[in-house]
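just coords:
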């Protein structure tokens, strides 16, 4: 099995498509927004022609209103991996959602159930005591988990605090218990890490293209088709790009401000992705964009060696 990981806009899709063509492969997307139907421009999904040329899995598998968890992703993606392998094809997992990849490869712990009352109280506390309160709280009760969660990632902070309080045990310790790692595959992990300034420039240009190619129009259509979607927990309309498009549609930001905010948010996300993936074991890092001859040559050499 081949895993291609890296930050947004690093060329993962281009590299995966070329390797799939050369090695009789099929692609399993590892993106927490690409799983949703009707979300196209803001997700930078492979085009329909690309998906027709190379079979893709875990794209457009969920309704935007249904919600989709890392555990559900792991369950469905493992079925896809086994099916691909049984048909004699090369499974290629591609994406930038670190939690989904961790769930797929290592499994998730059986944490306590959600408590809506506790979640509401934690949300109110964050609002009352200011941004950063939840992260400070988690740092006191589980420093290891706090180190792996960005201070602005409120949903993950709430879940981590909820788990610690409900289980009366650190979430970082629970992660080590009862997990179900993927078996039956030899895994080659390829990580893309192009030069930072060039990556940021490509991120900026990709965001510009999203807005030019109809991100606002797509977002308006999504709001019309799913009028209650913004109220759904972890709504895909809060994903990068879509969040800023909603703000522009509502008049909270000008088009120029929305674009600048989307570019900044994507650059920040790329930094968090690289921080996360550096903790992934046994990654062979390629210091290039995935759509360059250098990345393809390095990937082919590693495939031959492994």
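On my side now, so go ahead. Being a predicted model, the structure only gives us computed values, none of them experimental. Numbers count the residues shown, from 1 in each chain.

can you tell me which residue is nearest the centre of the protein?
residue 97 (2.2 Å; CA atoms, centre = their mean).

That one contacts residue 31, correct?
Yes. Counting by CB atoms under 8 Å, residue 31 is a contact partner of residue 97 at 5.5 Å. For the C-beta atoms, the positions are set from N, CA and C on the backbone; glycine is no exception.

Count the neighbours of residue 233 for me.
By other CB atoms under 10 Å, the residues close to residue 233 number 10.

Can you tell me the element it falls in?
According to DSSP states H and E, residue 233 maps onto no helix or strand at all.

wouldn't it be in contact with residue 155 here?
Yes. Between residue 233 and residue 155 there is a contact under CB under 8 Å: 7.5 Å.

so how far is residue 285 from residue 303?
As defined by CB to CB, to the nearest Å, residue 303 lies at a distance of 15 Å from residue 285.

Equivalent analysis for residue 217, please.
Applying CB to CB to residue 217 and residue 285 gives a distance of 38 Å.

Quick one: low-confidence residue ranges for the protein.
110, 177-178 (pLDDT under 70).

quick one: the helices in it?
Remark: helices assigned in the chain by DSSP state H are 12-22, 48-53, 70-86, 98-106, 116-129, 133-141, 143-147, 154-167, 171-174, 196-212, 215-225, 242-249, 255-277, 293-305.

now the ones you listed as JSON lines including mean neighbour count and distance to residue 40?
As requested, those are exported to JSON lines (neighbours: other CB atoms under 10 Å; distance: least, CB to CB, whole Å):
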{"stretch": "helix 12-22", "mean neighbour count": "21", "distance to residue 40": "14"}
{"stretch": "helix 48-53", "mean neighbour count": "12", "distance to residue 40": "9"}
{"stretch": "helix 70-86", "mean neighbour count": "17", "distance to residue 40": "19"}
{"stretch": "helix 98-106", "mean neighbour count": "21", "distance to residue 40": "19"}
{"stretch": "helix 116-129", "mean neighbour count": "13", "distance to residue 40": "31"}
{"stretch": "helix 133-141", "mean neighbour count": "18", "distance to residue 40": "33"}
{"stretch": "helix 143-147", "mean neighbour count": "16", "distance to residue 40": "34"}
{"stretch": "helix 154-167", "mean neighbour count": "19", "distance to residue 40": "24"}
{"stretch": "helix 171-174", "mean neighbour count": "19", "distance to residue 40": "35"}
{"stretch": "helix 196-212", "mean neighbour count": "17", "distance to residue 40": "10"}
{"stretch": "helix 215-225", "mean neighbour count": "16", "distance to residue 40": "6"}
{"stretch": "helix 242-249", "mean neighbour count": "22", "distance to residue 40": "11"}
{"stretch": "helix 255-277", "mean neighbour count": "18", "distance to residue 40": "16"}
{"stretch": "helix 293-305", "mean neighbour count": "14", "distance to residue 40": "26"}
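
now those helices as JSON lines including distance to residue 186?
Compiled in JSON lines, the helices of the chain are given as follows (distance: least, CB to CB, whole Å):
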{"stretch": "helix 12-22", "distance to residue 186": "16"}
{"stretch": "helix 48-53", "distance to residue 186": "26"}
{"stretch": "helix 70-86", "distance to residue 186": "11"}
{"stretch": "helix 98-106", "distance to residue 186": "12"}
{"stretch": "helix 116-129", "distance to residue 186": "40"}
{"stretch": "helix 133-141", "distance to residue 186": "36"}
{"stretch": "helix 143-147", "distance to residue 186": "30"}
{"stretch": "helix 154-167", "distance to residue 186": "31"}
{"stretch": "helix 171-174", "distance to residue 186": "29"}
{"stretch": "helix 196-212", "distance to residue 186": "30"}
{"stretch": "helix 215-225", "distance to residue 186": "40"}
{"stretch": "helix 242-249", "distance to residue 186": "37"}
{"stretch": "helix 255-277", "distance to residue 186": "20"}
{"stretch": "helix 293-305", "distance to residue 186": "11"}
